[in-house]
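Engineer: structure of the sequence below:
(2 chains)
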Amino acid sequence: MGKQYIFTVNASQAHTSDILGVAITNKYTISVSSDGYAKFWDNKKDEIHNPSEYVKSCFINKIGIHHIAAYENTLPSSTVKVTLLAFACFDGSVVFKYYVNDDFDTLKDWEDTKMSNCWVPQFYRDPESKQDYFIVTKTTGSTSVNHLKITEQDGEVAIAIEQTGELDPATSSFPNSLAVCPTKNKKAAIGYINGDVLLYDFENLKLVYTFHSPDLQQSYKSSTTSIPRVLAFSPGGTLLAVARDNQAAGSITLYDVDHGENVGTLTTPSHNTKSTIGGFAHQGWIMDLSFDEEGKLLASGGFDKCVRVWNLETGEREATINISASDLDDVEQGEHDTSVVSGVRFIKKGVRGGAGGDSNEGLCVVSFDRGIRWYREAGGI
Amino acid sequence: MSCIYIIDSNTNNYQPVTIVLYKTQSNPSSKTQYRKTQTYTQFSSNIAEIQKFAALVKTIRILYQHAKNGNHTTVRDIYYHDVELFSRNQTNCTRLLELIVEDSLQWSLEKDLNIRPSQKGMMYADWNNSLHTTEPILIPVNYQHLFSKEITDNQKLLIIVIEKDAVFQSFCQYLKSHNTFQNFVVITGKGFPDRLTMRFLAWLTESFSSLTIGFFDSDVYGLRICQQYQKCGSNLIFGGVFLLETNIRNHLPITTRDIKLMMNLLNELSEKGNQEKDNLFETYKRELTRGLTLFRKAEMNVLKFATELNYYINEKSRQSQ
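Structural biologist: Residues are numbered from 1 along each chain as shown, chains lettered A, B, ... in the order given. Model prediction:
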């Protein structure tokens, strides 16, 4: 346990329903919920403030939102910074919104392309600034790959999303998770509810590797008890972390992206006889994974109501943060609230305002108790 | 009565018989109109038509004999008079009966001819004694006459609706050995409820001061069944089971088809108007969105359910008083 994380601020009852996703942009921490709203929490306030006083809210869809993807880029040969957001809703639609220069007041809809039957959206920002992508898994089983082009002329931003192809797994299984490698190798990993994770080259629309579920207890039909619930690429693009259900527990497996090999699992010591195969990382399903900026740490959170921070060099836990309703300012809870972690994100140095924000990384945790918690790494002030 | 015509039957010069069915349409502004719906010829070249003809003649004969003796019977019983004739499919029998009696004659199968669908719904109540049994029984057809006097109005009637037969049976066994509630009735429609179960529930909620709690699986089918019950007992409380209240070890994986059905139900619910303030709508939405987030569903556990249910019902009854 090498690291300590300090609780800075929190927002209790941030949404009226479960919070299901979180994205960190430079200016805002954006949370989405099944109540249909996206909330924009200001990152640039002092360490001691009440986030609920500075939050901005935007209605997206009445059925609710389950995923959010954010794209931030200062356009080439321009000073305009565009933040494009994709909200995946439970009716299968994807709603796009964008704002410029970190100014929420410029928030606009982008409705040129109607997308339906979608599930998980992700953006790819090309580090060489040649071709950006928007990739989204479909409820039909395939995954749509699109070119993304954002231009600016006389202060007006023009966005174009054009489909270039589909990644088809040739099975009818539902693609429930997606991760896009941030480096120039143009790889995307897609997890299916039959337990498989397929690694694609999305530029050439080719399947590169298949990582089968290690679960021996295959269930009926096309589903499995070891859903690859979350996938994440390391910032250097060499590792793919896959969080799978291991019966009632959660395991994290690391794969080498270049060679397609299983390079290890992250496990906590356990004497639990109920877990039959392999070790596990959490005593409940894992709902989210996040690499830190350097790719040395991986944060995971899930049903056991805790966030673990893993050191990827040693495979050991660096920190465990327990989440409980008593953390929140307003401890009054709804009948069906529970502090299951539904999202965790590392916050880069320099994003959060206040003491330590510039020199220390932080964490943001959202949970089914409708609370949002911000932490920063201790020390360095 | 004049809507079925049998064209010809001259025994000396035999001609094939043709049965023509007309649908009666009453229009308040004009006279009753007849619209030709079906024609069956005895010597058709179409095998299916001949089969239907035979089935029709047989059904008319059964109906005639049944009308003469005036007994109560079920559609299934009529179907078993000649299974082959109805192509081993009870739906064919039901369709023919509806065609002859309801569409053509404008009579009611139930009220005029005492022909009812077989009972599916089960009930168990602490006033079952009046029927000289302590076991769960099929919901009787003439429930109004049997139970009107048995249910006391001094105490609120507790109606417990359970989706599944297995859970219903184990809960009834539990209630038999534990004297926990008074003035209660437990109902199950064994999945989607039939009309009799729905009418029985509607009658109970309308006739007596009652509290209705329903227990269904937290999956798209359970929620659809709950919706069905809600139509006849609008004050139905959705008691569970809820996805996050059950141990994740007992959760079951969902299939791609389940996911599509869940999304469809969510769309359907949201299109039904502005129901955002409706508690039940919120519960459905929460269960469906959680199910879609976790890709899991929760089913009622037979063994554990009885004791937990008991605690929950006590809690809900206390809150509503």
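Engineer: going forward, measure contacts and count neighbours with C-alpha atoms only.
Structural biologist: Noted.
Engineer: check whether the residue of the stretch 151-300 of chain B found nearest chain A sits in a helix, strand or coil.
Structural biologist: With CA to the nearest CA as the measure, B:Arg249 is the residue of the stretch 151-300 of chain B nearest to chain A, at 5.0 Å. Using DSSP: H, G, I helix; E, B strand; the rest coil, the structure places B:Arg249 in helix.
Engineer: before we move on, what about B:Ile313?
Structural biologist: Relying on three-state DSSP, one would call B:Ile313 helix.
Engineer: run a quick check on B:Leu97 versus B:Thr59, I expect a contact.
Structural biologist: Yes. Using CA atoms under 8 Å, B:Leu97 is in contact with B:Thr59, at 7.3 Å.
Engineer: still on that earlier bit, show me the contacts for the residue of the stretch 151-300 of chain B closest to chain A.
Structural biologist: A:Gln247, A:Ala248 (CA atoms under 8 Å, 6 or more residues apart in numbering or on different chains).
Engineer: and whichever strand or helix holds B:Leu288, what's buried?
Structural biologist: Take DSSP states H and E as the rule and B:Leu288 turns out to sit in helix B:279-294. Across helix B:279-294, burial judged by 16 or more other CA atoms under 10 Å in any protein chain shown covers B:280-294.
Engineer: give me the beta-bridge partners of B:Ile187?
Structural biologist: Note on B:Ile187: beta-bridge partners by DSSP bridges are B:Met123, B:Val161.
Engineer: all helices of the stretch 101-250 of chain A, in order?
Structural biologist: Ranges of helices in the stretch 101-250 of chain A, per DSSP state H, counting those that start in this stretch: none exist.
Engineer: can you tell me the residue of it closest to chain B?
Structural biologist: A:Ala248 (5.0 Å).
Engineer: leaving out chain neighbours, which residue sits closest to A:Gly264?
Structural biologist: Excluding its sequence neighbours, the residue lying closest to A:Gly264 (CA to CA, 6 or more residues apart in numbering or on different chains) is A:Leu254, at 5.4 Å.
Engineer: for chain A, which helix or strand comes out least confident on mean pLDDT?
Structural biologist: Least confident helix or strand of chain A, by mean pLDDT, DSSP states H and E, is strand A:108-115 with a mean of 86.
Engineer: the residue lying closest to A:Ser177 once chain neighbours are set aside: neighbour count?
Structural biologist: Excluding its sequence neighbours, the residue lying closest to A:Ser177 (CA to CA, 6+ apart) is A:Gly191, at 4.8 Å. Other residues within reach of A:Gly191, judged by other CA atoms under 10 Å in any protein chain shown, total 29.
Engineer: surely A:Gly191 and A:Leu240 touch.
Structural biologist: No. Using CA under 8 Å as the test, A:Gly191 is too far from A:Leu240 to be in contact (11.6 Å).
Engineer: overlap in contacts, the two.
Structural biologist: Both A:Gly191 and A:Leu240 are contacted by A:Leu231, under the criterion CA under 8 Å, 6+ apart.
Engineer: before we move on, the earlier item: wait, does the helix holding B:Leu288 make contact with chain A?
Structural biologist: Yes. Using CA under 8 Å from any CA of the partner chain, we find that helix B:279-294 touches chain A at B:Lys285, B:Arg286, B:Thr289, B:Thr293.
Engineer: which helices and strands does the following helix or strand past that helix pack with?
Structural biologist: Once helix B:279-294 ends, the next helix or strand along the chain (criterion: DSSP H and E) is strand B:296-297. Judged by 3 or more CA pairs under 8 Å, 6 or more residues apart in numbering or on different chains; DSSP states H and E, strand B:296-297 is in contact with strand B:252-253.
Engineer: outside of the helix or strand that the strand it packs on is followed by, which residues touch it?
Structural biologist: On the C-terminal side of strand B:252-253, the closest following helix or strand by DSSP H and E is helix B:256-271. Outside helix B:256-271, the residues that touch it by CA under 8 Å, 6+ apart are A:62-63, A:90-92, A:139, A:172-174, A:222, B:220, B:281, B:285, B:288, B:292, B:295.
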